[in-house]
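Trainee: Have a look; sequence and predicted model below, questions after that.
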Amino acid sequence: MTAQPGERAPQASDDERPARDAFRHFQRIPTRWMDNDAYAHVNNVVYYAWFDTVVNEHLIRAGGLDIAHSPAIGLVVETHCRFFAPLAFPDAVEAGIAVTRLGRSSVTYAIGLFREGDAAAAAAGRFVHVWVDRASRRPVDIPERVRAALEPLVVDVSPPASAS
């Protein structure tokens, strides 16, 4: 269904929008005037910058990642974003992350972007890092300190067992 001029655009149902308790770490990110586009809401490309910001802030602060000199770096190999409600300047965004898969050399993050104080996400996505040697770009084990920073963020995403 498409909204007609002057009508509110269709919104996802609340049961499709992740809630705050699905995420383990949050970072507040202010919007900027320049984030708004011609449609008076934050442009979609900015959401991906927020994904990068919340993940890398955690890796740097909690995992000791030195983005300029660490021998192992995380390369983004996949991103996805689903939009539920618009954000616009001067909103503040609370970006939440959780880890849905922690492998030997890769990690998958769930990310939720919330208007400050809102219970349901305005947008949700996934972000996959593959850890590689900085020089060769070949996969390596996730560095121990980074792994230790990610482990508390791991959530169980397996479907509930069916009742028989």
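Mentor: Arrived safely, thanks for sending. Numbering: from 1, shown residues only.

Trainee: tell me which element the most centrally placed residue in the chain falls in.
Mentor: Ranked by distance to the mean C-alpha position of the chain (CA atoms, centre = their mean), the top residue is I111 at 2.7 Å. I111 is part of strand 106-115, with elements assigned from DSSP states H and E.

Trainee: So which other helices or strands are in contact with that strand?
Mentor: Counting contacts by 3 or more CB pairs under 8 Å, 6 or more residues apart in numbering; DSSP states H and E, strand 106-115 is packed against helix 44-61, strand 92-102, strand 123-133. No exception for glycine: its C-beta is placed from N, CA and C like everyone else's.

Trainee: follow-up on the earlier one: is it correct that the residue nearest to the centre of the chain is in contact with A124?
Mentor: Yes. Between I111 and A124 there is a contact at 6.7 Å, judged by CB atoms under 8 Å.

Trainee: got the buried residues for the strand holding I111?
Mentor: Burial within strand 106-115, assessed by neighbour count using 16 or more other CB atoms under 10 Å, is assigned to S106, V107, T108, Y109, A110, I111, G112, L113, F114, R115.

Trainee: what does stretch 146-157 give?
Mentor: Within stretch 146-157, the residues that qualify as buried are V146, A149, L150, L153, counting by 16+ other CB under 10 Å.

Trainee: if we take the residues you listed, which one ends up nearest to A119?
Mentor: Closest to A119 out of those is L153 (20.2 Å), distances taken as CB to CB.

Trainee: Dump the buried residues of strand 106-115 into CSV; add pLDDT as well.
Mentor: As requested, the buried residues of strand 106-115 are exported to CSV (pLDDT from 0 to 100):
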residue, pLDDT
S106, 98
V107, 98
T108, 98
Y109, 98
A110, 97
I111, 98
G112, 98
L113, 98
F114, 98
R115, 98
